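*Asks:* What follows is a predicted protein model with its sequence.
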Amino acid sequence: ETHCQDAVDKTWHAVGSSWTNSRCHKCECKNDLLSCCHGLPTSVDTTEDCVVEYNYETCTFDVFKRSDRSRSCSGTAIGK
């Protein structure tokens, strides 16, 4: 094989290339193997009154109070 297909975006990439797809997965095409890992945490450990919002355009996330988005919360990223 000379290319790998990204399972999320269905785009083709040359062997030896690396990229970040639309779900912020960091991928690499090696020989006949496609390898991807999460660029964002798979979950965030925070208090019940807080919510996590992912931004897939910038591959970032924010944790804020459910009742007031202007107040940030602390959170621990898990499974990146």
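*Replies:* Good, I have the coordinates. Numbers count the residues shown, from 1 in each chain.
*Asks:* hey, let's count contacts and neighbours off CA atoms from now on
*Replies:* Will do.
*Asks:* OK, contacts around residue 50?
*Replies:* For residue 50, the contact set (CA atoms under 8 Å, 6 or more residues apart in numbering) comprises 63-66, 73.
*Asks:* now do residue 3
*Replies:* Taking CA under 8 Å, 6+ apart as the test, what residue 3 contacts is 12-15, 29, 32.
*Asks:* same check, this time on residue 9
*Replies:* 21-22 are the contacts of residue 9 under CA under 8 Å, 6+ apart.
*Asks:* So for it, what's the pLDDT?
*Replies:* We note a pLDDT of 96 for residue 9 in this prediction.
*Asks:* same question, the one 10 residues further on
*Replies:* In this model, residue 19 is scored at 97, pLDDT.
*Asks:* Without its sequence neighbours, what residue ends up closest to it?
*Replies:* Closest residue to residue 19 apart from its sequence neighbours, by CA to CA, 6 or more residues apart in numbering: residue 27 at 5.4 Å.
*Asks:* out of the contacts of residue 3, which are buried?
*Replies:* 13, 15, 29 (16 or more other CA atoms under 10 Å).
*Asks:* measure the second one to residue 38 for me?
*Replies:* Residue 15 sits 20 Å away from residue 38, going by CA to CA, to the nearest Å.
*Asks:* same question, residue 31
*Replies:* Taking CA to CA as the measure, residue 31 falls 21 Å from residue 38.
*Asks:* Repeat that for residue 2.
*Replies:* Relative to residue 38, and taking CA to CA, residue 2 is found at 24 Å.
*Asks:* Please apply the same query to residue 14.
*Replies:* With the distance defined as CA to CA, residue 14 ends up 20 Å from residue 38.
*Asks:* So residue 63, which state does it fall into?
*Replies:* Assigned by DSSP: H, G, I helix; E, B strand; the rest coil, the conformation of residue 63 is strand.
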